[in-house]
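**Student:** Fold the following and give me the result.
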Amino acid sequence: MTRVFEIGQVLTHERSFTDDDVLDFQRVSGDEGRHHVTPDATGRRVVHGLLSACIPTKIGGDLDYLAREMTFEFLRPVFTGDTIRCRLEITEVVRETDRTRLAMVGACHNQSGKEVMRFSTRGLVRHHAT
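**Tutor:** From the prediction side, this is the model:
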């Protein structure tokens with residue numbers, strides 16, 4: 001079944017990160033920067049930028065989206081316990097015989113409404129026979 005995409009279509013996802021998430025990502029990535037390893041005075045760790053970038057990539061996974069290009073701009077830190085809401089908007093749709101090419105832009109905000117990340121991506125969704 002071929003999914004229909006429209007310019008202006010908005011998709012969202014929200015999540016929080018735990019200490020275990022940060023420590024697991026640290027083990028997988030090898031990024032042991034002090035700011036990720038050592039909690040601050042309030043007990044929070046700084047979430048890795050690429051770990052926070054998995055919020056929009058989760059939306060892409062739900063679409064069976066194959067990213068060809070991704071750009072992230074990290075504007076302020078995300079801490080363990082923060083609730084991050086991602087809003088992604090489709091800005092370009094090119095339908096082809098066996099795939100739909102997409103361009104999307106978006107931003108993520110923390111529970112205080114502060115923008116923590118902006119991103120853009122281009123890629124495709126393959127059409128599947130029913």
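
**Student:** Quick one, grab the pLDDT at the spatially most central residue of the chain.
**Tutor:** The chain has P56 as the residue nearest its centroid, 2.3 Å off, counting by C-alpha atoms, centre = their mean. pLDDT, P56: 93.

**Student:** Name the secondary structure element that contains it.
**Tutor:** Here P56 is covered by helix 54-63, with elements defined by DSSP states H and E.

**Student:** What residues of the next helix-or-strand element following that helix count as buried?
**Tutor:** Per DSSP H and E, the first helix or strand lying C-terminal to helix 54-63 is strand 65-74. Using 16 or more other C-beta atoms under 10 Å as the test for burial, strand 65-74 gives Y65, F72, F74. Quick note: C-beta positions are derived from backbone N, CA and C, even for glycine.

**Student:** circling back to that earlier point, what's the offset of the helix holding P56 from the middle of its chain?
**Tutor:** Relative to its parent chain, helix 54-63 has a centroid offset of 6 Å by C-alpha atoms, centre = their mean, to the nearest Å.

**Student:** Who are the packing partners of that helix?
**Tutor:** Secondary-structure packing of helix 54-63 (3 or more C-beta pairs under 8 Å, 6 or more residues apart in numbering; DSSP states H and E): strand 10-16, strand 65-74, strand 83-95, strand 99-109, strand 115-126.

**Student:** so which of these is the most packed in?
**Tutor:** Ranked by average neighbour count under the criterion mean count of other C-beta atoms under 10 Å, the helices and strands packed on helix 54-63 are headed by strand 99-109 at a mean of 19.

**Student:** what's next to that one, contact-wise?
**Tutor:** 2-3, 5, 52, 55-56, 65, 84-94, 115-127 (C-beta atoms under 8 Å, 6 or more residues apart in numbering).

**Student:** Okay then, goodbye and thanks.
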